[in-house]
Every structure is written in C-alpha cells, then in structure tokens.
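J.: 3D, please:
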Amino acid sequence: MHNVMVNGAAIPVIGLGTWTLKGELCSELVAHALSLGYRHLDTAAYYENETAVGEGVRFSNIPRDDVFVTTKVQYTDIAPGDLERSAEESLKRLGLDTVDLLLIHWPNPEVPLAGSIKALNSVRNSGMARHIGVSNFPTGMLAEAVHLSDAPLVANQVEYHPYLDQTKVHAACRAAGMAMVAYCPLGRGGALFEDAAIGDSAKRHDKSPAQIVLRWQVQQEGLVAIPRAERKEWLAENIDLFDFELSSEEMVAISRLRSRNYRIHDFGSLQRRSLQWDTPA
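T.: Residues are numbered from 1 along each chain as shown. Coordinates of the predicted model:
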C-alpha cells in the first residue's frame, strides 16, 4: 500500500470509510477489505460502529501494527476531560490499546479550541493515540489549531471530490506538513461519473469512473481518500488504482469540475450552525 508521509505519520493513501456501516456487515467488510490489501480504516464515535470495526480487524488476522486505524471524537465531547473520556471509550469499543490517529470530528464554537487541542495532546501523550489531527476545519481554524498544538497535527479530514473546491484547505495542510484526508471522495456518483472529463478517462484507461476519481485524488500531493463501500466488489474496485496514472491534461480537466463548489455535508446538520467555509480559490 502506498503511504503519505506527514509529520511523522505514514498514512495509507486509500482507506475504508465506514460511515453508515453497522454490525456484522461492517465487520465482514472490514475483514474483507484487509484481505484485499487495505491498511487504513476510518471510523468515529458518532458512527456507532467502532465495536464492529474492531471485530473486523481481529477477524482478519492482520497484525495490529500493520493497520492504520482512525477514529474521531464527537463535537459534543471535545471539552477537556470529555475528550479524554471519549477517546478511552472508543478504545474500549474498538478493543485496541491505541489508535493510529484521533481526530476532532467537528469544531464546536461553544468549546474554546485551546482546551480541545490541549486535551488532544494529552491523549497522544498518554499513548491512547499515536497521532492527532482535526476534521472539518477551515483554513483559519486550522492555522489556530496548528499554533495551539504542542505535537504536530498530521491530518485535516474534510469533504473533497471533483465537485468541491478545497484548494485553500489543501494548500494549508501542505504548508503545515499535514495530509488532507478526503471523505465522500466520490461525491454521490451519478452525474459526476457521467461527466465527460471522467468518462473519457475511464474509457481511455479501461477503468471505472470511481477508479478515475480516486486516482485523481491520490495523485495529488499529500492527499488520502477514504471511500465508503457497502459491497465487496466495490472494495476491490476502490483499491485497484496503482497500475495506471492520469496525465497532467486529465488531472486538469477533472480539477476544472471544482468550479461547481457543491458541498454535501454542512456543519448546520449537526448544530444548526454553519461554519465559515473557505471561498473557492
């Protein structure tokens, strides 16, 4: 598996996003993904599937240190004390002694960021997390988090697909030596997959539209993609990306689609508030 090297962490460039996956199906898909060569799993306390993810890891018989496991602390639990407790509870559900990466899932305007970042560092210092980072942080908030943290932050996980311009966030992550981890990297398929910029490349390389979009992601510097998959055949398809390369012209053509600036997830769905997202570059 190809890795992105960031601030001391080696993050596999393709991971399995597990949002909405539950119970036995989740465990089976996790174990199958690992059998196919996946070495990066993404979960969260909010997903209510950490137990199933942990069972999938154990069922796979892949050595624990070979699997990069990320989980996230819900925005309601990022105050000092609450964050540490949440991390401990996640480890118990996962059945792990440590996670490779612990993220603040969403910022919370009612909780001072300084306290949250201090608590995040405390979790790292205690050994409950090997690395720490954030999720859904616009550039201004990201800069503040980087400044407040004693330990290097290794990732900012954000929504990113060809229909959403995250150029500024990506540049800020690179400047800080961090990875940008793309959730919803395939958008919602549909019209995106039918776009000529993607369809033409799919025919040219004899690959699926999803593979073209994911290849576009991982060819960008410091970028990690965590597509969700509900079927075993999708798992195999999403990781079969390393026997071809998009040309610079193809990369540019797909990147032009970002002008739509279409966002699937917004902070308001969690707190009935909206984050001040970065405007397109």
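J.: Distance check, the residue nearest the centre of the chain against Leu101.
T.: Nearest to the geometric centre of the chain sits Val181, at 4.0 Å (Cα atoms, centre = their mean). Using Cβ to Cβ, to the nearest Å, Val181 is found at 9 Å from Leu101. No exception for glycine: its C-beta is placed from N, CA and C like everyone else's.
J.: Which neighbours do these two have in common?
T.: By the contact definition Cβ atoms under 8 Å, 6 or more residues apart in numbering, Val181 and Leu101 are jointly contacted by Ile11, Thr70, Ala155.
J.: List the residues that contact the second one.
T.: What it means is Thr70. Applying Cβ under 8 Å, 6+ apart, the residues near Thr70 are 15, 40-43, 99-103, 155, 157, 181.
J.: What helix or strand is the residue nearest to the centre of the chain located in?
T.: strand 179-183 (DSSP states H and E).
J.: Give me the contacts around that strand.
T.: Strand 179-183 has contacts (Cβ under 8 Å, 6+ apart) with 4, 6, 9, 11, 15, 17, 19, 42, 70, 135, 154-161, 166, 169-170, 173-174, 217, 222-226.
J.: Which of those are buried? Put it as a PyMOL command.
T.: Here is the PyMOL command that selects only those of the contacts of strand 179-183 that count as buried (16 or more other Cβ atoms under 10 Å):
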select buried, resi 4+6+9+11+15+17+42+70+135+154+155+156+157+158+159+160+161+166+169+170+173+174+217+222+223+224+225+226
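J.: Tell me which stretches of the stretch 51-200 of the chain form strands.
T.: 68-73, 99-104, 129-135, 153-159, 179-183 (DSSP state E, counting those that start in this stretch).
J.: Any idea which of those gets closest to Gly190?
T.: Across those, the minimum distance to Gly190, taken as Cβ to Cβ, is reached by strand 153-159, at 16.2 Å.
J.: I'd like to check the angle between that closest one and strand 68-73, please.
T.: Strand 153-159 runs at 70 degrees relative to strand 68-73, counting by axes from the mean of the first three to the mean of the last three Cα atoms, to 10 degrees.
J.: tell me the mean pLDDT for stretch 90-100?
T.: Per-residue pLDDT over stretch 90-100 has a mean of 98.
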